[in-house]
Structure formats: structure tokens, C-alpha cells
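>>> Here's my sequence, what's the structure:
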Amino acid sequence: MGQKTNPIGLRTAVTKDWASKWYSDKKDFAAFMAEDRAIRDLLYGKLENAAVTKILIERAAQRVRIKILTARPGVVIGRRGAEIDVIKEELGRMTKKEVYVDIQEIRQPETDAQLVAENVKMQLERRIAYRRAMKRAVQTAMDFGAEGIRIRCAGRLNGGEIARVEQYLEGRVPLHTLRATIDYGFTEAKTKAGLLGIKCWICKGEDQPGKSAEEELIETGGHMGKQ
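Numbers count the residues shown, from 1 in each chain. Now for the predicted structure:
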């Protein structure tokens, strides 16, 4: 009871897909995992201000395909594609493989949990009141069609002597329902009082189980003949 798990890891292969897609035998597995981590660390560091929410990696023989999901594709590409060319060169030197980089735009950043958490983080670092930042994030997500949002901040809020946890919840966020589409984001705000942890869960709907052919025929008034 009370043991928490990451909502994305819990739903992987149910409603979520893997962030890295490749196959390897035992001798290359650790090297590929370490390389994936290094790729993500490099990209998140270089694209800190580009609102990057996910980095997906696929491998095939001597090729690596990287998909960057961002709300600001223009920042990633740079003027006349200069920035993306520099990134490809650095990744090629790091992996010693042929690297392809795709950029996918996030059409609605207001309902992306990682971007919502990053937005609250930036406001807290600018010393905006945490209640105001959290309430604004909750209201904006609900206005843009989210079924529910839970946002949680922990640490020395407003510079208090004792660390505490504050959270706001609106709508429905069924974390125990595996078919629910739950988006999760986490980040840390670096303030003068120390690190503040920010977690965000956004429910975007629920995948209803499909009906059998017999149930559909009954609803439409048809009948099934025996074969």
C-alpha cells in the first residue's frame, strides 16, 4: 500500500510506447543504454530553451534515428538549419554512426505535462508565488481540453524554513486505470532556498475497450447466424 510508480513506466506497452527502440545482444546492451543516456543529456543541455518534451531514439545497424518532440521547432532548427547541422555533427562524433534527426512539433504545449512542469519551474525561479503559478497552469490545461490535471510542488516553498508539499487537482486523474491516457512530467526548480521538485499529471481521456461483433449486432438490432 502507498507504493508509487512512474505512470509512464506503468503504462509502457499498454497505452505508452518505448522511448528507445532497438535490439541488442548482451555484449552491446550496456553500451547502447549508456549512449542513449549521453545523447539525451547532450540534447537536453543544448536545447534547454527549446521546450523539448521527449527524445525518441531508434537504432538499425550503423544508423541512429533521433526524433525530438518540441513546442519550439524553430529554436531547434536555427537560422537556415544551422543549429540542427551542428547537433548532427556532434551526435555523429559521439556515436560514430550515421545520425538522422527528425523534429516533431507539439501542437498543444498547454496539455503536455513535461512542458507544464517546466513552465511552473521557470516562474518559481523568477520568484513568482507558487500558488499563482500552479493555479494558472491548472486553469490553462483545463481550458485547452484536459480531462484532469494534478500538479504538485515540494520543497522550501516561498523560502520557508520547513520543506512542505502543496498540490492542486482539478478534474479526474485516474492513476490506477491503465487504459487512461496519463501524461507525466517532472522537473526541479533551482531557487535561492534550494531545489523545488515539481510533478505534473494530466489526463487526456480513456481508451474504451472494444466491443465484440456480437455486442455491436445486438445494439444495432441485427442477428448472427450459426455457421
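>>> Please count neighbours and contacts with C-alpha atoms only from this point.
Fine.
>>> and the longest helix belonging to the chain, what's its mean pLDDT?
Of all segments of type helix in the chain, defined using DSSP state H, the longest is helix 26-46. Mean pLDDT, helix 26-46: 90.
>>> Then stretch 156-176?
93.
>>> Mind exporting the C-alpha coordinates of it to PDB?
The C-alpha coordinates for stretch 156-176 follow below in PDB (Å, rounded to 0.1, in the frame of the first residue of the first chain):
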ATOM      1  CA  ARG A 156      11.100  25.100   0.800                       C
ATOM      2  CA  LEU A 157       8.200  26.900  -0.900                       C
ATOM      3  CA  ASN A 158       8.300  30.700  -0.700                       C
ATOM      4  CA  GLY A 159      11.700  30.300   1.100                       C
ATOM      5  CA  GLY A 160      10.000  28.700   4.200                       C
ATOM      6  CA  GLU A 161      12.300  27.200   6.900                       C
ATOM      7  CA  ILE A 162      10.500  23.800   6.700                       C
ATOM      8  CA  ALA A 163      10.000  22.000   3.500                       C
ATOM      9  CA  ARG A 164       6.400  21.100   2.600                       C
ATOM     10  CA  VAL A 165       4.300  19.800  -0.200                       C
ATOM     11  CA  GLU A 166       1.400  21.700  -1.900                       C
ATOM     12  CA  GLN A 167      -0.700  20.300  -4.700                       C
ATOM     13  CA  TYR A 168      -3.700  21.300  -6.800                       C
ATOM     14  CA  LEU A 169      -6.100  18.900  -8.500                       C
ATOM     15  CA  GLU A 170      -8.900  19.600 -10.900                       C
ATOM     16  CA  GLY A 171     -11.000  17.200 -13.000                       C
ATOM     17  CA  ARG A 172     -10.200  13.400 -13.000                       C
ATOM     18  CA  VAL A 173      -6.700  11.900 -13.000                       C
ATOM     19  CA  PRO A 174      -7.300   8.100 -12.500                       C
ATOM     20  CA  LEU A 175      -3.700   6.800 -11.900                       C
ATOM     21  CA  HIS A 176      -4.900   3.200 -11.200                       C
END
